[in-house]
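# Below: sequence and its predicted model.
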Amino acid sequence: MLSIVWAACTHEPDVPPRPEPKPDTTAVDSALLGKWYLAGLGRVGDTTVTPIDSISYALEIWREGFLYGHYVNGSYTWAGDTIHIKLNAEDEKRMPEQIRRYREALLSVTSYRVDNEHQMRLFYDRGQRYLLFRDQPTRPSKQAIVPQDLLTTWIYRGRVYLKDGKKTLLPNIETGRLRFNADTTWVFQLSTGQLTGSFRTDGQSMHFTITPPSLKTSPNEAYYLRQALERVTSYKIYDNELRLYEGGEETYVTFQKAEIGTGRINEHLCRPWKLVGFGHTADGSVQIPEEGDNLGPRFFMLEFRVDGSLYTRSSTNMLYGDYSVDGQSLHMDVGAGTKVSETKEGKAYIEALHAVERFELQKDGQLKLFYNQGRDYLLFRDGLSLISSPPPAELLGKWTLAQIRYSARPPVVFKPGEHTITFHKSGYIDIEGYKLFGSIPEDQLSYGYRPWGKENTLFIGWTYFTYNLEGETLTMTNTAAVDGPRYVYKRLRK
């Protein structure tokens, strides 16, 4: 286990594709080349070396004049025993202090000495100080002790900014789950990708090491989360909330413990709903919003998600929030998002959402959200078809479950025809022989193809799945699942 932790507690460089060597590349001292690990800072004449951090930062030097490392990607020039380093521009205001010291020292390097094949010194400060590197990372003095309250799965909620005492939540675009493990590894599962690596804590400090390959060239949710995790310096847990702070406490990424609320969320709520109108209990009348030129089929829609978050479109705006359920009681907090240019019905809709007290799922499949002490309600119908694209011909038809795969277990194999799903053009699927997606055998469930315009996404029951369709094979994975399962289907021919 100690060797695993040791291997995890190093900063490997984020190495992009290796460039082609230039024909006129100047020869360099081959002793410089390869991967080195920072041991610490030293002063000439003093045998003591001061570690810059409790882990070793990797630095990889290439013959073609490039070097790569954590926050220190760049280039170098060499002549004799002199070396000068140029680093790529980074936002240093968001860097940890030890990273800034490391970069400043590298930028001041003027010469070097390779003592032997196991040790290298880069001199700076007019040759009076040096960075000491070795060919192996420094072993931690003892195995890390990980706080038990951290070792669970956390649901990603978004980023929070504090300004003038006011808290603003920028909610996540899609569901994601972060899992901390006792061996100091972690995995963050999103539909746009998976981030993995190791972590270390010391009191309330927190530092993430992220496993290459780099996602910095892909501007998606995983890309922005990677940037945020690289800046994390500390954490705090408040009841069931995890906060990962970036530098100070003005900006942090927020998570909710996955176990909290499980069983209290009514999954039949968790789907997109389209507003029919404003209802009045006394006379049973329903006032239908006037659809103006600025209103499309996706407006006045509401979606409850299994992680306790919600998303809605009013008459003109997109808003995010949270909700909680206790039996038939329902509390909603709709706050994040702009409220400009709302119509009269749009303002009334947002005010009603804030005032909702309870819900009722009707036998005809409609939903009522009651407010004003039950005297008024918002009436919704199922809206999945409005946010979905027409399914392609290659998805339609009958599929048989071939395997269920998990990341750390052997796959479960099934006989052809034993468990099947059938995708219909009408927007429904038939499920036979196996309890899938919160259904029971013989259930007929509606499904959404690329709902809300999300590429490679299916919505079945109340769950989002990423899918991969290659010829006769269809693979689906729950977007919130960290360790699986992945459902692998084969087309069933008659």
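Everything's here; your move.
# Break this protein into its domains for me.
The chain breaks down into these domains under automatic domain parsing: 2-134, 148-257, 279-380, 397-491.
# out of these, nearest to residue 267?
Smallest distance to residue 267 across the domains of the chain (C-beta to C-beta): 4.8 Å, for domain 397-491. For every residue, glycine as well, the C-beta is placed using N, CA and C.
# pLDDT (mean, whole number) over the closest one?
Here domain 397-491 scores 82 as its mean pLDDT.
# now for the domains of the chain, which one comes closest to residue 388?
Closest approach to residue 388 among those is made by domain 397-491 (3.8 Å; C-beta to C-beta).
# hmm, back to that, reformat the domains of the chain as TSV; add mean neighbour count and distance to residue 269.
Listed next are those as TSV, based on neighbours: other C-beta atoms under 10 Å; distance: least, C-beta to C-beta, whole Å:
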stretch	mean neighbour count	distance to residue 269
domain 2-134	16	39
domain 148-257	17	16
domain 279-380	16	5
domain 397-491	17	8
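# want to try JSON lines for the ones you listed, with distance to residue 386 as columns?
Below are those laid out as JSON lines (distance: least, C-beta to C-beta, whole Å):
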{"stretch": "domain 2-134", "distance to residue 386": "41"}
{"stretch": "domain 148-257", "distance to residue 386": "19"}
{"stretch": "domain 279-380", "distance to residue 386": "5"}
{"stretch": "domain 397-491", "distance to residue 386": "9"}
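# So which of those domains is nearest residue 272?
Among the domains of the chain, domain 279-380 sits nearest to residue 272 (C-beta to C-beta), with 4.5 Å.
# so how far is the closest one off the chain centroid?
Centroid separation for domain 279-380 versus its chain: 28 Å, with C-alpha atoms, centre = their mean, to the nearest Å.
# what's the weakest-modelled helix or strand in the chain?
Lowest by mean pLDDT, DSSP states H and E among the helices and strands of the chain is helix 2-8, with a mean of 40.
# ok, how many other residues are close to the nearest residue to residue 400 once chain neighbours are set aside?
Using C-beta to C-beta, 6 or more residues apart in numbering and skipping residues adjacent in sequence, the residue nearest residue 400 is residue 492, 4.4 Å away. Neighbour count for residue 492, taken as other C-beta atoms under 10 Å: 16.
# which residues touch residue 492?
Residue 492 makes contact with 397, 398, 399, 400, 416, 417, 420, according to C-beta atoms under 8 Å, 6 or more residues apart in numbering.
# For the stretch 301-450 of the chain, which segments count as strands?
301-304, 309-313, 318-326, 329-336, 358-361, 367-371, 376-382, 397-406, 409-413, 420-423, 428-432, 444-449 (DSSP state E, counting those that start in this stretch).
# now those strands in JSON lines, with distance to residue 279?
Putting these into JSON lines (distance: least, C-beta to C-beta, whole Å) gives the following:
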{"stretch": "strand 301-304", "distance to residue 279": "15"}
{"stretch": "strand 309-313", "distance to residue 279": "18"}
{"stretch": "strand 318-326", "distance to residue 279": "20"}
{"stretch": "strand 329-336", "distance to residue 279": "16"}
{"stretch": "strand 358-361", "distance to residue 279": "11"}
{"stretch": "strand 367-371", "distance to residue 279": "7"}
{"stretch": "strand 376-382", "distance to residue 279": "4"}
{"stretch": "strand 397-406", "distance to residue 279": "40"}
{"stretch": "strand 409-413", "distance to residue 279": "47"}
{"stretch": "strand 420-423", "distance to residue 279": "35"}
{"stretch": "strand 428-432", "distance to residue 279": "28"}
{"stretch": "strand 444-449", "distance to residue 279": "24"}
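# what's the nearest residue to residue 41 if we skip its chain neighbours?
That would be residue 50: by C-beta to C-beta, 6+ apart, it lies 5.1 Å from residue 41.
# So what pairs up with residue 235 in the strands?
residue 244 (DSSP bridges).
# Use 45 as the first number for this chain going forward.
Yep, numbering from 45; the last one is residue 279 now.
# so it makes contact with residue 286?
Yes - with contact defined as C-beta atoms under 8 Å, residue 279 counts as touching residue 286 (6.6 Å).
# can you list residues touching both of those two?
With C-beta under 8 Å, 6+ apart, residue 279 and residue 286 have common neighbours residue 194.
# Just the residues contacting stretch 423-438, thanks.
Taking C-beta under 8 Å, 6+ apart as the rule, stretch 423-438 contacts 315-323, 330, 341-342, 345-346, 409-413, 467, 469, 471, 490-497, 503, 513.
# and that stretch, C-alpha only, in PDB?
The C-alpha coordinates for stretch 423-438 follow below in PDB (Å, rounded to 0.1, in the frame of the first residue of the first chain):
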ATOM      1  CA  LEU A 423     -50.600  22.000 -13.500                       C
ATOM      2  CA  PHE A 424     -47.900  20.100 -15.600                       C
ATOM      3  CA  ARG A 425     -48.000  17.300 -18.100                       C
ATOM      4  CA  ASP A 426     -45.100  15.100 -19.200                       C
ATOM      5  CA  GLY A 427     -42.700  17.200 -21.300                       C
ATOM      6  CA  LEU A 428     -40.000  14.700 -22.400                       C
ATOM      7  CA  SER A 429     -41.100  14.700 -26.000                       C
ATOM      8  CA  LEU A 430     -40.600  18.500 -26.200                       C
ATOM      9  CA  ILE A 431     -37.000  18.500 -25.200                       C
ATOM     10  CA  SER A 432     -36.000  15.400 -27.200                       C
ATOM     11  CA  SER A 433     -34.800  14.900 -30.800                       C
ATOM     12  CA  PRO A 434     -36.400  12.300 -33.100                       C
ATOM     13  CA  PRO A 435     -34.600   9.000 -32.600                       C
ATOM     14  CA  PRO A 436     -32.500   7.800 -35.600                       C
ATOM     15  CA  ALA A 437     -33.400   4.600 -37.400                       C
ATOM     16  CA  GLU A 438     -30.200   2.900 -36.200                       C
END
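# pLDDT averaged over it, what's the number?
When pLDDT is averaged along stretch 423-438, the result is 92.
# Could you measure from residue 190 over to residue 410?
48 Å (C-beta to C-beta, to the nearest Å).
# again, but for residue 247
To residue 410, residue 247 is 53 Å away according to C-beta to C-beta.
# before we move on, what about residue 153?
Plainly put, residue 153 is 70 Å away from residue 410 if you go by C-beta to C-beta.
# for residue 318, same thing?
Residue 318 is 10 Å from residue 410, by C-beta to C-beta.
# what do you get for residue 72?
The value you get for residue 72 to residue 410, if C-beta to C-beta is used, is 73 Å.
# And for residue 462?
36 Å.
# same check, this time on residue 508
Counting by C-beta to C-beta - residue 508 and residue 410 are separated by 23 Å.
# Same question for residue 155.
77 Å.
# got a list of what residue 206 touches?
The contact partners of residue 206, by C-beta under 8 Å, 6+ apart, come to 212, 293, 294, 295.
# can you do 6 Å?
Going by C-beta atoms under 6 Å, 6 or more residues apart in numbering, residue 206 touches residue 294.
# ok, now how distant is it from residue 298?
Distance from residue 206 to residue 298, counting by C-beta to C-beta: 12 Å.
# Which stretches in the stretch 95-244 of the chain count as strands?
Under DSSP E, counting those that start in this stretch, the stretch 95-244 of the chain gives strands at 100-105, 110-113, 118-123, 126-131, 155-160, 163-168, 173-178, 197-207, 210-215, 221-224, 229-234, 237-246.
# State the paired neighbours of the longest one in the sheet, together with their directions.
Right, strand 197-207. Paired neighbours of strand 197-207 in the sheet (DSSP bridges): strand 210-215 (antiparallel), strand 221-224 (antiparallel), strand 295-301 (antiparallel).
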